[in-house]
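In: I need the structure of the sequence given here:
(one chain, ligands or ions: 1)
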Amino acid sequence: MNPEPPENSSDRPADPPRRRKRYAGRYPHRPDQRYKELAPERFPDMQDHVRAQGRTPAGTHVPVLVAEVLAALRPQPGETAVDCTVGYGGHALELLKRIGPTGRLVGFDRDAAALENTRERLEKVFPGPDAEASGRSGLPAAPRLVLRHGNFAGLDRALAEEGLDGADVILADLGASSMQIDDPARGFSYKFDGPLDMRMDPRLPRTAADLLRTMPEAALAAAMENLADEPDAAAIAQRIVLVRGTSPVARTLELVHLIIEAKGLSPQHWRKQAAAAGEDLHPAARTFQALRIAVNDELGALRQLLRVAPACLRPGGRIAIISFQSGEDRLVKQAFRDGVTEGVYAATGDELVRPDAKERAANPRSAAAKLRWAVKA
Ligand SMILES: C[S@@+](CC[C@H](N)C(=O)[O-])C[C@H]1O[C@@H](n2cnc3c(N)ncnc32)[C@H](O)[C@@H]1O
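Out: Residues are numbered from 1 along each chain as shown. Next up, the predicted model:
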C-alpha cells in the first residue's frame with residue numbers, strides 16, 4: 001500500500017489537469033426543456049440558429065405568408081386593423097408597423113396566457129397612446145393597440161365596444177400556434193406525453209379527453225372524417241370505444257398508441273412502415289387535428305366570423321384568412337365568392353395563395369397554409 005505523501009512533498013503526484021465535464025446529454029427533446037431557446041434575452045443568437053435549421057424556437061411562433069398577407073391587406077398609415085388571432089404577434093407586429101402611430105390595432109386571442117406574453121412584447125415596441133397625435137387633436141389619444149381575450153366570433157360586438165364603426169383591415173390566421181402545440185401540458189401534441197386537453201381557452205367546458213369519453217362511436221368517426229379526412233376513422237373510433245370500456249383515454253401518448261394499433265401498424269416499427277408506404281404524416285396527426293377542431297368549435301367560430309365580417313369592414317376594407325385544413329378553406333372560399341355574387345365584396349382572389357418552396361423549407365409548419373382574401377365593396 002502506498003503511504004499518503006506528505007504535504008508539499010515534491011514526490012506528491014501532480015493533480016490531473018481539471019477538464020471541463022463534457023456534456024453527455026442530447027439536445028433537449030421537449031420544447032419546455034430548451035432553456036436557451038426560452039430565454040432569448042440571455043441567448044440572443046439562439047433563435048436565429050434554430051430557425052436556420054427549419055425549426056421553430058421553443059416558446060415562439062413563426063408567422064406564415066407574411067409578405068402575401070401584407071400584399072393582400074395593403075395596410076396604410078392611420079388605418080384600423082383587426083388581428084383576429086394574435087398568437088405570438090408576428091402578423092400584428094407587421095400590421096402595427098404599417099398603420100403607424102395614428103393607426104389602431106385591435107387583436108383577439110382565446111388563449112389568455114399567450115395574449116399576455118404577446119401584449120408585453122408588443123407594448124415594448126409600441127408603447128401606449130401616441131402623445132403627439134393626442135396633442136394635435138386635443139382629445140385623449142385612443143390606444144394604438146387593444147388586445148382582447150376572447151373568440152373572434154364576437155368581432156362585431158367587440159368593435160362596437162371599442163367605439164369603432166368598422167375596420168380597414170381584418171386578418172385571421174386560423175388554428176393553433178406553435179407555443180400551444182409545443183407545450184406538452186396543453187395536450188395538442190402527439191409527440192409528447194400530456195393530458196388530452198386541447199382547449200385554446202381553459203374556460204371551454206370540454207377537453208379532448210371528455211370528448212373521447214362521451215362521444216358515440218359514429219360521431220367520433222364522423223368528426224375524424226369530416227374535420228381531418230382521416231381514412232381510418234371508423235377503425236380508430238371503434239378502438240377508442242373498445243379501450244374506454246376498460247379505462248378512459250386521457251393521455252396524448254395513450255391515444256397515439258391506440259391509433260397506431262387501429263391502423264394495423266406495429267408500435268415498434270410504425271415509422272419504417274409509414275415510410276415504406278410513402279406516408280409522411282404522423283399516423284395520429286389527423287385524429288389530433290379533428291379533436292382540436294371539435295374541442296374548440298373552430299368551424300363554428302369561422303362560420304360566425306365569415307357571417308359578420310362584411311359588416312365589420314369599412315367600404316374598401318380588406319380581409320385575409322389563412323387556413324390549414326380543407327374544410328376551413330372551403331368555407332372561406334364559398335363565403336368570399338358568395339359575397340362577390342351578392343355585391344357585398346367587390347373582389348376576391350381567384351387563386352389560392354400558398355407558401356413558396358423557400359418558406360416551406362425554412363418553416364415546415366407553413367406547408368399546409370392557404371391564404372384567401374376579399375375586398376369590401
Ligand atoms: C396560428 S396562431 C396565430 C399566430 C399569429 N398570426 C402570429 O403571427 O403569431 C392562431 C392563434 O389564434 C388563436 N385562436 C384560434 N381560434 C380563435 C378564435 N376563434 N378566437 C380567438 N383566437 C383564436 C389561437 O389561440 C392561437 O393563438
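
In: Please make it C-alpha for all contacts and neighbour counts, starting now.
Out: OK.

In: Could you give the number of residues near D183?
Out: 19 (other C-alpha atoms under 10 Å).

In: before we move on, what about the one 10 residues further on?
Out: D193 has 19 neighbouring residues, counting by other C-alpha under 10 Å.

In: Hmm, P184 and it touching each other?
Out: Yes: with contact defined as C-alpha atoms under 8 Å, D193 reaches P184; the gap is 6.2 Å.

In: which one is H257 nearest to, not counting chain neighbours?
Out: Excluding its sequence neighbours, the residue lying closest to H257 (C-alpha to C-alpha, 6 or more residues apart in numbering) is P267, at 6.7 Å.

In: The one you found and V256 touch, don't they?
Out: No: counting by C-alpha under 8 Å, P267 does not reach V256; the two are 9.4 Å apart.

In: Which one's more surrounded, the two?
Out: V256 (23 against 13).

In: and stretch 64-79 with the ligand, contact?
Out: No: using C-alpha under 6 Å from any ligand atom, stretch 64-79 stays clear of the ligand, coming no nearer than 7.1 Å.

In: could you give the mean pLDDT of that stretch?
Out: Taken as a whole, stretch 64-79 carries a mean pLDDT of 98.

In: Please name the residues that touch I293.
Out: L227, L299 (C-alpha atoms under 8 Å, 6 or more residues apart in numbering).

In: could you point out which element follows the host helix or strand of it?
Out: Using DSSP states H and E, I293 sits in helix 285-295. The helix or strand immediately downstream of helix 285-295 is helix 298-312, counting by DSSP H and E.

In: Just to be sure, the residue nearest to H257 is in a helix?
Out: No: per DSSP: H, G, I helix; E, B strand; the rest coil, P267 lies outside any helix segment and is coil.

In: wait, what's in contact with it?
Out: By C-alpha under 8 Å, 6+ apart, the contact set of P267 is H257, I260, E261.

In: I'd like these as a markdown table, with distance to R271 and secondary structure appended.
Out: As requested, these are exported to a markdown table (distance: C-alpha to C-alpha, whole Å; DSSP: H, G, I helix; E, B strand; the rest coil):
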| residue | distance to R271 | secondary structure |
| --- | --- | --- |
| H257 | 13 | helix |
| I260 | 10 | helix |
| E261 | 13 | helix |
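
In: so which of the residues you listed are also by the ligand?
Out: Here nothing survives when the contacts of P267 are matched to the ligand using C-alpha under 6 Å from any ligand atom.

In: Just the helices from the stretch 1-150 of the chain, written as ranges.
Out: 46-52, 66-73, 90-99, 112-125, 131-137 (DSSP state H, counting those that start in this stretch).

In: Packed most tightly, which of these would that be?
Out: With neighbours defined as mean count of other C-alpha atoms under 10 Å, the helices of the stretch 1-150 of the chain peak in mean count at helix 90-99, which reaches a mean of 20.

In: just to revisit the earlier point, going by distance to G339, which of the contacts of P267 wins?
Out: Nearest to G339 among those: I260, at 42.9 Å, using C-alpha to C-alpha.

In: Hmm, A285 and the closest one touching each other?
Out: No: taking contacts as C-alpha under 8 Å, I260 lies outside contact range of A285: 11.0 Å.

In: Strands along the chain, start to end?
Out: Secondary structure of the chain by DSSP state E: the strands cover 80-83, 104-109, 145-149, 167-173, 313-323, 345-348, 370-376.

In: and among those strands, the most buried is which?
Out: Sort the strands of the chain by mean neighbour count, taking mean count of other C-alpha under 10 Å, and strand 80-83 sits at the top with a mean of 27.

In: So in that sheet, which strands flank that one, and in what orientation?
Out: strand 104-109 (parallel), strand 167-173 (parallel) (DSSP bridges).

In: Just want the angle from the shortest one to helix 90-99.
Out: To tie it back to what came earlier, the one meant is strand 104-109. Orientation of strand 104-109 against helix 90-99 (axes from the mean of the first three to the mean of the last three C-alpha atoms, to 10 degrees) gives an angle of 170 degrees.

In: near the ligand at all, strand 104-109?
Out: Yes: judged by C-alpha under 6 Å from any ligand atom, strand 104-109 comes into contact with the ligand through F108, D109.

In: Need the contact partners of that strand.
Out: 78-87, 92, 95-96, 115, 142-152.

In: before we move on, the earlier item: buried only: go through the contacts of P267 for me.
Out: H257, I260, E261 (16 or more other C-alpha atoms under 10 Å).

In: Alongside the ligand, which residues does the chain contribute?
Out: Near the ligand, when you scan the chain using C-alpha under 6 Å from any ligand atom, you find 61, 63, 84-91, 108-111, 150-152, 173-177, 200, 301.

In: For the residues you listed, which PyMOL command selects only the ones that are buried?
Out: Filtering the residues of the chain next to the ligand down to the buried ones (16+ other C-alpha under 10 Å) takes a single PyMOL command:
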select buried, resi 61+63+84+85+86+87+88+89+90+91+108+109+110+111+150+151+152+173+174+175+176+177+200
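
In: show me what contacts the residue in the stretch 151-300 of the chain positioned nearest to the ligand?
Out: Relative to the ligand, the nearest point of the stretch 151-300 of the chain is N151 (3.3 Å; C-alpha to the nearest ligand atom). When contacts are counted by C-alpha under 8 Å, 6+ apart, N151 touches F108, D109, R110, A301.
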